[in-house]
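Visitor: heads up, no residue letters with this:
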């Protein structure tokens with residue numbers, strides 16, 4: 001199976017990058033399944049129902065969220081009616097929606113998508129991510145009920161993301177990190193056959209401070225004093241993520257490539 005994952009969509013610029021590039025990438029790379037992290041797509045804080053529809057219409061099969069899952073209040077009701085939007089599995093038990101779901105891919109194949117929040121350096125003590133993942137991976141083993149599985153690990157600490165990758169190695173096709181908006185260069189296939197990347201980066205304007213217009217973040221770092229609200233940067237965004245090929249029989253990854261399209265970062269992707 002040919003799978004594309006795109007990192008955190010950041011504001012208007014990120015949405016524009018997805019709508020501009022994703023349809024042609026689906027055709028050119030003959031993608032079977034696309035997952036997009038959309039938790040910052042609306043004004044840099046959360047995802048609205050309208051913007052979720054935009055990402056899905058652009059070619060995403062699933063949109064994942066994160067710690068800002070419900071910053072846009074209409075997502076509280078929208079997620080109940082749209083199963084293709086996934087919130088973190090270890091969020092509050094009272095939260096609407098689901099943190100893991102099995103989706104259909106071409107040829108009758110099934111793909112598990114799950115998202116989990118880390119605990120290290122996060123603002124709230126979310127439930128244990130490892131036990132949450134263990135339960136869902138036991139329920140949907142690769143080579144059995146699903147032909148592929150993707151885990152979006154949304155957290156700050158690179159060590160926690162790496163530990164999650166090794167914890168899931170051989171049990172998930174892909175473990176990819178989100179949240180920091182800074183792409184890492186450690187794309188690899190782990191010894192058990194899981195494609196891994198510490199952070200996919202963002203689909204946003206990289207002439208910024210993690211997607212926000214530079215002036216106010218720089219002022220706060222230099223002076224320690226806020227003056228204005230953060231606003232998303234609006235120049236041309238870079239589409240960032242990974243492309244993975246998997247074996248339908250075992251679910252294990254056979255290829256992983258970094259993806260970069262448009263904007264400032266060097267271009268990359270499968271040839």
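Guide: Yes, it's here. Remember, it's a predicted structure, so these values are computed and weren't measured experimentally.

Visitor: how about the closest residue to residue 129 other than its chain neighbours, secondary structure?
Guide: Excluding its sequence neighbours, the residue lying closest to residue 129 (C-beta to C-beta, 6 or more residues apart in numbering) is residue 116, at 4.3 Å. Heads up, the C-betas are built off the backbone N, CA and C, glycines and all. Three-state assignment for residue 116 (DSSP: H, G, I helix; E, B strand; the rest coil): strand.

Visitor: residue 116 against residue 133, yeah?
Guide: Yes - between residue 116 and residue 133 there is a contact under C-beta atoms under 8 Å: 5.6 Å.

Visitor: got any residues that touch both of the two?
Guide: Counting by C-beta atoms under 8 Å, 6 or more residues apart in numbering, the common neighbours of residue 116 and residue 133 are 89, 151, 164.

Visitor: take these and keep only those in strands.
Guide: The strands, defined by DSSP state E, take in residue 151 from the shared contacts of residue 116 and residue 133.

Visitor: what residues are up against residue 158?
Guide: Counted by C-beta under 8 Å, 6+ apart, residue 158 has contacts 177, 184, 198, 199.

Visitor: circling back: ranking the shared contacts of residue 116 and residue 133 by neighbours, who comes first?
Guide: residue 151 (29 neighbours; other C-beta atoms under 10 Å).

Visitor: give me the pLDDT value at that one.
Guide: Per-residue pLDDT puts residue 151 at 98.

Visitor: same deal with residue 123?
Guide: Note on residue 123: pLDDT of 76.

Visitor: residue 46 too?
Guide: Reading off the model, residue 46 has pLDDT 95.

Visitor: contacting residues for it?
Guide: For residue 46, the contacting residues are 39, 40, 68, 69, 70, 71, 72, 75, by C-beta under 8 Å, 6+ apart.

Visitor: tell me the contacts of the closest residue to the fourth one other than its chain neighbours?
Guide: Closest residue to residue 69 apart from its sequence neighbours, by C-beta to C-beta, 6+ apart: residue 87 at 4.5 Å. With contacts defined as C-beta under 8 Å, 6+ apart, residue 87 is in contact with 64, 65, 69, 70, 79, 95, 96, 97, 98, 99, 115.

Visitor: may I see the buried residues of the host helix or strand of the fifth one?
Guide: With elements delineated by DSSP states H and E, residue 79 resides in helix 75-81, which encompasses its position. Taking 16 or more other C-beta atoms under 10 Å as the basis for neighbour counts, the residues of helix 75-81 that come out buried are 75, 78, 79.

Visitor: quick check: pLDDT value at the last one.
Guide: Predicted confidence (pLDDT) at residue 79: the value is 97.

Visitor: remind me which residues of the stretch 51-200 of the chain are low pLDDT?
Guide: Of all residues in the stretch 51-200 of the chain, none has pLDDT under 70.

Visitor: show me where the stretch 151-271 of the chain has helices.
Guide: 158-168, 215-223 (DSSP state H, counting those that start in this stretch).

Visitor: most tightly packed of those helices?
Guide: Comparing these by mean neighbour count (mean count of other C-beta atoms under 10 Å), helix 158-168 ranks first with a mean of 19.

Visitor: how many other residues sit next to residue 119?
Guide: 18.

Visitor: isn't it up against residue 161?
Guide: No - at 11.7 Å, residue 119 and residue 161 do not qualify as touching, with contact defined as C-beta under 8 Å.

Visitor: anything in contact with each of these two?
Guide: residue 155.

Visitor: could you point out the longest helix of the protein?
Guide: helix 11-28 (DSSP state H).

Visitor: counting contacts, what elements does it pack onto?
Guide: strand 2-6, strand 8-9, strand 33-37, helix 49-57, strand 202-203, strand 239-246, strand 253-261 (3 or more C-beta pairs under 8 Å, 6 or more residues apart in numbering; DSSP states H and E).
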